[in-house]
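Enquirer: fold the following, please.
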Amino acid sequence: MGKGYRRRSSNLYLNKYTHSNSQWSNKNIINNIIDMPVNEEFINLKNYIISKFMDRMINKQFGNVKENFFNFEYIEQKLNEFNIPQLSIEIELLKKIVMVMKTAVETRFTIDNANIKMYGEKSNLFLIETSKIVLKAKYEIYTLIFGDPKIKNSDFEPSILNIIQKHLDNSPGCTVNHIRSKLKNEYGSLFV
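Expert: Okay, here's the model as predicted:
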């Protein structure tokens, strides 16, 4: 191993849905992790992103993130300045994570501003924000493919739920489109 490198290993869940012709192929990801250069500036930037933005967003501390929103420009600039070929995939991944965070924060700002316009900044109205209720995977997929059965005054079809569950068990990490394609021949006429 060359100077400035450290050897790390990691267990990765890599499945058949990773396309080998993309820059995100299994080989590139594994090579990128095994012989990764140590770059303190990059590590510090990653830790900064995690502690100042990711952790706070996870803990729904949006006020703090909102106050420091201007730092996204700094983060994007720093990521664009890194020219480390061995870290190129990780840098690109981090850029995409930052874009997702930035979009989420901008969406949050939009919702907050809409609430202020609708109810006023010092409204006596008590708004309760809740997270989306997420059903078990097979029910979420059923609803996406066939629609909400409650709207049609019916129930989930147990035989279809069983088929969806079998696909989830046999193909971990598969997408809704994968399951939709497997159900199309037999149940395509019921799709929404």
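
Enquirer: ok, which stretches of this structure are helices?
Expert: Here the chain has its helices, by DSSP state H, at 26-34, 40-49, 55-58, 62-67, 71-81, 88-119, 137-146, 158-170, 176-187.

Enquirer: break this protein into its domains for me.
Expert: 5-119, 137-190 (automatic domain parsing).

Enquirer: any chance of CSV for the helices of the chain, columns mean neighbour count, distance to T130 and mean pLDDT?
Expert: (Glycine included, C-beta is placed from N, CA and C.) Listed next are those as CSV, based on neighbours: other Cβ atoms under 10 Å; distance: least, Cβ to Cβ, whole Å; pLDDT from 0 to 100:
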stretch, mean neighbour count, distance to T130, mean pLDDT
helix 26-34, 14, 36, 50
helix 40-49, 14, 27, 92
helix 55-58, 13, 16, 92
helix 62-67, 13, 15, 86
helix 71-81, 13, 27, 94
helix 88-119, 14, 13, 90
helix 137-146, 18, 17, 93
helix 158-170, 14, 26, 94
helix 176-187, 14, 24, 94
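
Enquirer: E129: which of those is closest?
Expert: helix 88-119 (8.8 Å; Cβ to Cβ).

Enquirer: which residues does K66 contact?
Expert: With Cβ atoms under 8 Å, 6 or more residues apart in numbering as the criterion, the residues that contact K66 are 105, 108-109.

Enquirer: just so I know, which of the helices of the chain lies nearest I128?
Expert: Of all the helices of the chain, it is helix 88-119 that lies closest to I128, at 11.8 Å by Cβ to Cβ.

Enquirer: would you turn the contacts of K66 into a markdown table with distance to G120?
Expert: A markdown table is the format used below for these (distance: Cβ to Cβ, whole Å):
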| residue | distance to G120 |
| --- | --- |
| V105 | 23 |
| R108 | 19 |
| F109 | 17 |
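
Enquirer: which one of those is nearest Y139?
Expert: Among those, and counting by Cβ to Cβ, the member closest to Y139 is R108, at 27.3 Å.

Enquirer: between the contacts of K66, which is closest to N185?
Expert: Set against N185, the nearest of the contacts of K66 by Cβ to Cβ is R108 (42.0 Å).

Enquirer: with A114 as the reference, measure out to that closest one.
Expert: Counting by Cβ to Cβ, to the nearest Å, the gap from R108 to A114 is 11 Å.

Enquirer: sorry, back to before: JSON lines for the helices of the chain, including distance to S131?
Expert: As requested, the helices of the chain are exported to JSON lines (distance: least, Cβ to Cβ, whole Å):
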{"stretch": "helix 26-34", "distance to S131": "31"}
{"stretch": "helix 40-49", "distance to S131": "23"}
{"stretch": "helix 55-58", "distance to S131": "12"}
{"stretch": "helix 62-67", "distance to S131": "13"}
{"stretch": "helix 71-81", "distance to S131": "24"}
{"stretch": "helix 88-119", "distance to S131": "13"}
{"stretch": "helix 137-146", "distance to S131": "14"}
{"stretch": "helix 158-170", "distance to S131": "22"}
{"stretch": "helix 176-187", "distance to S131": "21"}
